[in-house]
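S.K.: Got a predicted structure plus its sequence, pasted below:
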Amino acid sequence: MQFATGKKLSILACLLLSTVNAPHAKGQMYINEIYLDPPGSSGDLVYEYIELRGSSGASLADHYLIVLENETNSATANPGQIEAVFDLGSLSSPFLGSNGFLTLRQAGGNYSTFDPNSNNLQNTLSGFTWGSGDLSSVGFMDEGNNGVLENSGGTFILLKNNGGASTAPTITSPDLIDLDADNDNELDAGSILDSWTILDSIGINGDPGEPAGFMYAPINFSLATPPGGGNVPAGATFVDVGFEIEYFGRWGNSTGSTAADWHIANLTNDNASGFDGPTDFRQSAEPHGINTPDQYVETSQGVPYGTIITGTLGSENLSILNGDFDAVYDGEEYVFDGDIDGHDFLTWQRNFGFGLDSLSVPKFATRRHGDSNGDRIVDGADLALWAANYGAGAGPLVSSAVAVPEPTSLTLLVLSGLLLLRIRHSEL
């Protein structure tokens with residue numbers, strides 16, 4: 001994200017006056033998380049997984065998770081084609097668990113900790129991968145029968161088919177079903193798409209060779225911006241996260257289609273992260289190491305390096321309260337206290353301005369430094385989020401050992417912070 005200068009700085013004060021609430025549609029179903037590119041030469045053969053979330057025990061009859069081709073950089077590429085399908089209605093137990101979660105896993109993976117109230121299924125018809133067609137007990141089929149998700153990403157669409165067998169998404173041979181036949185980066189009206197109810201979708205360009213790929217969702221993330229801007233439909237959102245994308249998941253129990261609703265990340269099994277294997281994948285960064293200076297953490301949500309990401313299978317994803325900056329490294333990972341109080345203000349105050357050493361290079365702040373909005377800078381916008389959420393959590397609001405201002409004079413706090421930030425910025 002670019003630094004706001006001049007008159008734009010005052011806009012940040014508007015954060016005092018507004019909040020955004022994403023409604024949860026009754027009966028809705030969501031893509032909860034997908035791990036599409038685990039590390040290692042064989043990681044994508046055994047450690048990929050997908051997870052859905054919705055109402056307790058919801059039926060998956062006529063439900064599908066499909067992936068649309070994004071690639072545009074070869075003579076044979078055809079964006080918009082259906083290149084992979086999970087036929088969710090074909091599962092041995094085609095419903096969400098009693099807690100509203102379904103997790104599907106490749107054969108050969110060693111994930112072992114799940115919420116007992118979720119529905120967890122693993123491919124049992126091959127030694128590894130998702131299998132494909134008759135070799136997949138989790139309803140997977142893909143172009144080429146490779147049994148893996150493409151590392152480059154694509155557009156992931158969760159849908160309900162209302163038209164019967166004739167409009168069900170599938171992998172056809174020799175020609176794949178094309179939902180963008182004219183390659184104009186818009187899904188085609190008059191196609192089988194008209195018989196579907198799209199429940200959730202997200203676009204991902206995750207591989208360094210494919211920043212110009214076509215994406216088709218309301219919200220789309222890429223590791224870079226191609227010349228001319230991101231290739232997304234009219235009115236859709238394009239977000240350049242600046243790093244390779246291996247994992248994406250809902251932020252906590254979010255339900256919307258904004259950047260704030262998703263955690264986009266690169267994960268690692270590097271020993272320096274605390275990884276103790278085999279499925280203990282952590283938040284990655286460059287360079288690796290706890291408390292490493294000038295460390296660019298590959299996360300869209302300010303998650304500190306080494307945080308366990310794949311430890312919530314069958315339950316709500318990781319989330320950290322906006323304004324919670326009080327984190328302690330416990331020898332395993334950084335742990336936030338879950339309270340928005342004076343301690344968090346002091347962390348913000350100590351680190352105010354962190355990340356402003358240059359206007360053109362990547363910034364380095366995470367939530368443990370005081371950055372809540374993911375722009376990698378500790379500034380007045382983060383103070384506004386702290387103030388808006390002050391008092392959340394169960395702990396004491398103000399330390400008894402130090403004097404910490406309560407946000408009763410919120411406007412003065414934020415505006416003074418913005419003024420300091422503007423002065424520091426003008427001196428760079």
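M.R.: Looks like it arrived, so ask away.

S.K.: contacts, neighbours, all on C-alpha from now
M.R.: Will do.

S.K.: Run through the bridge partners of residue 84.
M.R.: residue 67, residue 142 (DSSP bridges).

S.K.: can I assume it is in contact with residue 171?
M.R.: Yes - if you go by C-alpha atoms under 8 Å, residue 84 and residue 171 touch, sitting 6.9 Å apart.

S.K.: So which of the two has more stuff around it?
M.R.: residue 84 (28 against 20; other C-alpha atoms under 10 Å).

S.K.: contacting residues for that one?
M.R.: 66-68, 140-143, 149, 170-171 (C-alpha atoms under 8 Å, 6 or more residues apart in numbering).

S.K.: which SS state does residue 253 fall under?
M.R.: coil (DSSP: H, G, I helix; E, B strand; the rest coil).

S.K.: so where do the helices sit in the stretch 301-428 of the chain?
M.R.: With DSSP state H, counting those that start in this stretch as the criterion, the stretch 301-428 of the chain has helices at 342-351, 380-388, 410-427.

S.K.: so where's this structure shaky on pLDDT?
M.R.: 1-27, 357-362, 394-428 (pLDDT under 70).

S.K.: So which residue is smack in the middle of it?
M.R.: residue 263 (2.6 Å; C-alpha atoms, centre = their mean).

S.K.: Tally up the residues packed near residue 93, please.
M.R.: 15.

S.K.: Check residue 76 too.
M.R.: Neighbour tally, residue 76, other C-alpha under 10 Å: 8.

S.K.: With residue 203 instead?
M.R.: Residue 203, neighbours per other C-alpha under 10 Å, totals 27.

S.K.: Is it part of a helix or strand, or is it coil?
M.R.: strand.

S.K.: what residues are shared contacts of residue 84 and residue 171?
M.R.: Joint contacts of residue 84 and residue 171 (C-alpha under 8 Å, 6+ apart) are 141-143.

S.K.: filter the contacts of residue 84 to the buried ones?
M.R.: Among the contacts of residue 84, the ones that count as buried by 16 or more other C-alpha atoms under 10 Å are 66-68, 140-143, 149, 170-171.

S.K.: Identify the farthest-apart pair in these.
M.R.: Spatial extent of these (C-alpha to C-alpha) is set by the pair 149 and 170 at 15.3 Å.

S.K.: who's residue 122 bridged to?
M.R.: Taking DSSP bridges as the rule, residue 122 bridges to residue 105.

S.K.: Pretty sure it sits against residue 102.
M.R.: No - in this structure residue 122 lies outside contact range of residue 102 using C-alpha under 8 Å: 11.0 Å.

S.K.: okay, now residue 70: neighbour count?
M.R.: Residue 70 - counted by other C-alpha under 10 Å - has 30 other residues nearby.

S.K.: Contacts only, for it.
M.R.: 78-80, 152-155, 205, 213-215.

S.K.: are any of those residues buried, and which?
M.R.: Buried, going by 16+ other C-alpha under 10 Å: 78-80, 152-155, 205, 213-215, out of these.

S.K.: picking up where we left off before, now go through the contacts of residue 70 and say which are in strands.
M.R.: Members of these lying in strands (criterion: DSSP state E): 153-155, 205.

S.K.: Could you pull up the contacting residues of the nearest residue to residue 35 once chain neighbours are set aside?
M.R.: Distances taken as C-alpha to C-alpha, 6 or more residues apart in numbering place residue 247 nearest to residue 35, at 4.6 Å, with adjacent residues excluded. When contacts are counted by C-alpha under 8 Å, 6+ apart, residue 247 touches 33-37, 264-267.

S.K.: hmm, back to that, in CSV: the buried ones among the contacts of residue 84, plus distance to residue 194.
M.R.: Shown next, in CSV, are the buried ones among the contacts of residue 84 (distance: C-alpha to C-alpha, whole Å):
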residue, distance to residue 194
66, 15
67, 17
68, 16
140, 23
141, 22
142, 22
143, 23
149, 26
170, 16
171, 18
